[in-house]
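**Q** Task: produce atomic coordinates for the following.
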Amino acid sequence: MPQLEVDGAVLTYDDEGPRDSEGVPLVFVHGWTADRHRWDHQIEHFAAGRRVIRLDLRGHGESTGAGVRAVGELADDVLALLDHLKVDRCVLVGHSMGGMIVQTIALARPDRVERLVLVDSISRMTYSRGRGLLMAVSTRLPYKLFVATNIKRAFSPGYPREEVRKYIEASAATPKEVVMTDYGAMRAFDVLDRLGEIEAPTLLVHGYHDIQLPLKQMLRMAKAYPNAVVRIIDAGHELPVEKPAELTAALDAFLSERA
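**A** Numbers count the residues shown, from 1 in each chain. All right, here's what the predicted structure looks like:
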């Protein structure tokens, strides 16, 4: 289990697949309260013929470290890992908060990004008055109830309760300080007005039933991208969990397209 120390955190990561493959490496970045195993299906599929890298963000999974005040701090961690692994250019894939991280990298270091994939992610956190009130109230709940409330909403209607409960328990194991501080960083995230600067071919994959980061917000974002493809899948916000094979197929198709 390789690890890298970065600015007071120890990042746990996986680096798999052949180094001499034709395509640039794929780099997978998970979302808020999750870990690198969200990408198990994709890693198993792509590592057979391509270098694939994934990490636990600081404070998540098997990585240590405190929460961050800005998404850019997590982007710096990913770039530090790529520098450590001597990866000059890659395809960045990010889910939810991970999508915010990879957009930040694409804006700061476009030379490092060959393609970009955003899974159930957006470029600006926008709430209706009712949704904003609900979120404000939820932050005052006991910690485990706060996590449970948010994770339940991340799955589409009818998803097995036993499976949802498993992910609630895993998310609640993330330190409270990390969860709440990173939550504030996401609330402050806003790069919507800069998306025209991202010229890399971009795939936007979104769950039709996503109520955490609603589909209509993603579609608004898609219009701002100069070179974007949209794919909508019958799933909730936790698309990598609910429909891993369909997500992998969408990635496969996108990677095989010419820029």
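**Q** Which residue ranges of the stretch 51-200 of the chain form helices?
**A** Listed in chain order, the helices of the stretch 51-200 of the chain (DSSP state H, counting those that start in this stretch) span residues 71-84, 97-108, 129-138, 143-153, 161-172, 176-188.
**Q** Could you measure from the residue lying closest to residue 17 once chain neighbours are set aside over to residue 174?
**A** Using CB to CB, 6 or more residues apart in numbering and skipping residues adjacent in sequence, the residue nearest residue 17 is residue 47, 3.9 Å away. No exception for glycine: its C-beta is placed from N, CA and C like everyone else's. Between residue 47 and residue 174 the computed distance is 26 Å (CB to CB, to the nearest Å).
**Q** and what of residue 93?
**A** Separation of residue 93 from residue 174 (CB to CB) stands at 21 Å.
**Q** quick one: which of these two has more around it?
**A** Between residue 93 and residue 174, counted using other CB atoms under 10 Å, the more crowded position is residue 93 (29 against 20).
**Q** The nearest residue to the more buried one once chain neighbours are set aside pairs with what?
**A** Nearest residue to residue 93, sequence neighbours excluded (CB to CB, 6+ apart): residue 117, at 4.2 Å. Residue 117 forms beta bridges with residue 93, residue 203, as assigned by DSSP bridges.
**Q** before we move on, the earlier item: out of the helices of the stretch 51-200 of the chain, nearest to residue 223?
**A** Residue 223 sits nearest to helix 97-108 of all the helices of the stretch 51-200 of the chain, at 15.2 Å, using CB to CB.
**Q** How far off centre is that closest one?
**A** 9 Å (CA atoms, centre = their mean, to the nearest Å).
**Q** Now do that helix: which elements does it pack against?
**A** Using 3 or more CB pairs under 8 Å, 6 or more residues apart in numbering; DSSP states H and E, the elements in contact with helix 97-108 are strand 26-29, helix 71-84, strand 90-95, strand 113-119, helix 176-188.
**Q** Next, the angle helix 97-108 makes with the second one.
**A** Okay, so that is helix 71-84. For helix 71-84 against helix 97-108, the angle by axes from the mean of the first three to the mean of the last three CA atoms, to 10 degrees is 70 degrees.
**Q** Can you point out the buried residues in helix 71-84?
**A** If you call a residue buried by 16 or more other CB atoms under 10 Å, then helix 71-84 has these buried ones: 71-82.
**Q** a markdown table for the residues you listed, including pLDDT and distance to residue 6?
**A** Compiled in a markdown table, those are given as follows (pLDDT from 0 to 100; distance: CB to CB, whole Å):
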| residue | pLDDT | distance to residue 6 |
| --- | --- | --- |
| 71 | 98 | 16 |
| 72 | 98 | 14 |
| 73 | 98 | 10 |
| 74 | 98 | 11 |
| 75 | 98 | 12 |
| 76 | 98 | 8 |
| 77 | 98 | 5 |
| 78 | 98 | 10 |
| 79 | 98 | 10 |
| 80 | 98 | 5 |
| 81 | 98 | 7 |
| 82 | 98 | 11 |
